[in-house]
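S.K.: Quick one, what's the 3D model for this:
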Amino acid sequence: MCASPLALLRAGPPPPKVVLLPDTAFFTRVVPVGAGVAAAEAATQIELALEGMAPFPLAQLYYGWFRPDGAEQALVFAAYRRRFTAEQTAEWADAQAVLPAFAAVLGAKTAPGTTILLAAPGSLTAVHWTAPGVPAQVTVRAVAPDASDEERAAGRAELIRGLGGSVQVIDLAAAPAAQPVRGDGELAFKAEGFDSQLPAAIAAALDVRDKAELAALRAARRRDVLLWRITLGCAAALGLLLLGEFALVGGKAWQKVRLGQYDAQKALVEKITGLHEHSSKIDDLVTKRLLPIEMVNLLDEKRPGEVQFTRVQADQARGLYAIVVEGTTSNAAQLNVYEAALKAQTAAIDRVENSIQIRGERATFVMTVTFKPEALKPADSAAKPPA
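M.R.: Below is the predicted model of the structure:
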């Protein structure tokens with residue numbers, strides 16, 4: 001029965017492929033490294049030290065090292081390349097890391113005096129720490145595959161005695177298994193009651209494959225990851241474009257329905273609007289009055305004696321509160337004085353528009369004055385004493 005997609009998502013990514021090589025194929029040494037040197041300089045020092053102690057040139061070795069950041073020592077391990085067949089090395093091509101089996105426990109958090117015993121079908125490996133960080137010693141003892149439990153127990157006791165000072169011994173029946181990780185290049189191993197975490201930079205130094213080929217492989221992997229992320233980004237952008245297209249199609253359909261409703265209701269709305277306008281006009285005629293006499297009285301209060309009115313007419317086009325006054329005067333300057341006096345009456349007059357024509361000694365004018373509704377009171381009610 002196939003697992004559901006939801007179950008696969010909950011399970012997370014699969015563990016990386018990590019090849020663990022037999023410990024018996026490697027010799028190990030602890031070499032000093034300059035204090036506080038950068039990783040690149042430390043790698044040069046480690047390779048020089050390894051070249052001086054190894055019986056073969058570096059080009060004929062599979063080697064790696066373990067050095068946490070800032071450590072003044074490094075655990076170096078190497079194996080002769082001819083100890084591995086072409087079939088074995090062919091399996092390394094798609095692996096994330098190729099390590100000796102004991103390297104899987106190097107990322108554990110251990111107290112001083114801790115020894116980890118790693119059992120394998122043909123060997124027994126002891127990794128011993130005298131201080132946190134780099135192990136002080138890694139000892140590998142070959143054990144016959146058909147050895148009895150007593151023989152294995154004797155070999156274990158001999159290994160522990162040879163290390164000396166073991167305060168805590170952790171027995172692992174097999175190498176810890178690789179676990180899924182979130183970070184690119186990181187490695188994590190787990191056994192029952194045991195965890196080991198190796199950051200990406202340390203995991204890269206532990207890999208024993210050819211360093212030039214390994215650099216090319218990692219560059220290709222970074223390129224593939226970048227291309228994959230670009231592909232995912234393009235797919236996401238395409239999905240957004242398709243979503244936007246569907247939204248446009250849906251919006252057009254909704255707009256078509258809305259316009260249909262608008263067209264269907266337009267005639268009724270126009271009819272209601274027209275009726276409202278007519279009712280407003282009727283209401284104005286019934287409840288409001290044209291007060292031309294009151295308007296003229298307000299205008300006459302500020303009129304200079306030299307200004308004469310010849311014609312006064314209510315302006316129905318401007319409403320109930322506008323009046324047009326035509327007049328004449330022999331002193332055109334008085335028209336400007338009169339206009340300014342009217343405009344100063346802001347409590348009663350809304351605006352004044354004046355047009356003047358001068359012919360010889362006389363000037364004619366047409367003045368349109370718009371009053372504020374609250375300023376006009378009918379003459380009979382204004383003259384009536386309060387009750």
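S.K.: mind listing the helices for the chain?
M.R.: Per DSSP state H, the chain carries helices over the ranges 5-11, 39-53, 86-90, 149-163, 200-206, 211-287, 292-301, 333-343, 379-383.
S.K.: Using TSV, lay out the ones you listed together with mean neighbour count.
M.R.: Quick note: C-beta positions are derived from backbone N, CA and C, even for glycine. Formatted as TSV, these follow (neighbours: other CB atoms under 10 Å):
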stretch	mean neighbour count
helix 5-11	9
helix 39-53	14
helix 86-90	10
helix 149-163	13
helix 200-206	18
helix 211-287	10
helix 292-301	16
helix 333-343	16
helix 379-383	9
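S.K.: could you dump those helices to a markdown table with distance to Met367 and mean pLDDT?
M.R.: Listed next are the helices of the chain as a markdown table, based on distance: least, CB to CB, whole Å; pLDDT from 0 to 100:
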| stretch | distance to Met367 | mean pLDDT |
| --- | --- | --- |
| helix 5-11 | 85 | 51 |
| helix 39-53 | 95 | 90 |
| helix 86-90 | 108 | 90 |
| helix 149-163 | 118 | 87 |
| helix 200-206 | 91 | 90 |
| helix 211-287 | 25 | 82 |
| helix 292-301 | 8 | 79 |
| helix 333-343 | 7 | 86 |
| helix 379-383 | 22 | 48 |
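S.K.: wait, which of those is closest to Ala131?
M.R.: Minimum separation from Ala131 across the helices of the chain (CB to CB) falls at helix 149-163, 13.9 Å.
S.K.: and the closest one, how far from the chain's centre?
M.R.: Offset of helix 149-163 from its chain centre (CA atoms, centre = their mean, to the nearest Å): 57 Å.
S.K.: end to end, how far does stretch 131-138 reach?
M.R.: For stretch 131-138, the first and last residues are 14 Å from each other (CA to CA, to the nearest Å).
S.K.: Could you check how far it is from the centre of its chain?
M.R.: On CA atoms, centre = their mean, the centre of stretch 131-138 falls 42 Å from the chain's centre.
S.K.: pretty sure Val169 is touching Leu117, no?
M.R.: Yes. With contact defined as CB atoms under 8 Å, Val169 counts as touching Leu117 (6.3 Å).
S.K.: what about the spatially most central residue of the chain, distance to Leu226?
M.R.: Residue closest to the average C-alpha location in the chain (CA atoms, centre = their mean): Gly233, at 13.9 Å. According to CB to CB, to the nearest Å, Gly233 stands 10 Å off from Leu226.
S.K.: do the same with Leu206
M.R.: Taken as CB to CB, the span from Leu206 to Leu226 is 25 Å.
S.K.: hang on, the earlier thing: which one of the helices of the chain lies closest to Ala104?
M.R.: Closest among those, using CB to CB: helix 200-206, at 9.3 Å.
S.K.: Apart from its chain neighbours, what residue comes closest to His313?
M.R.: Heads up, residue 313 is Gln, not His. Val324 (4.9 Å; CB to CB, 6 or more residues apart in numbering).
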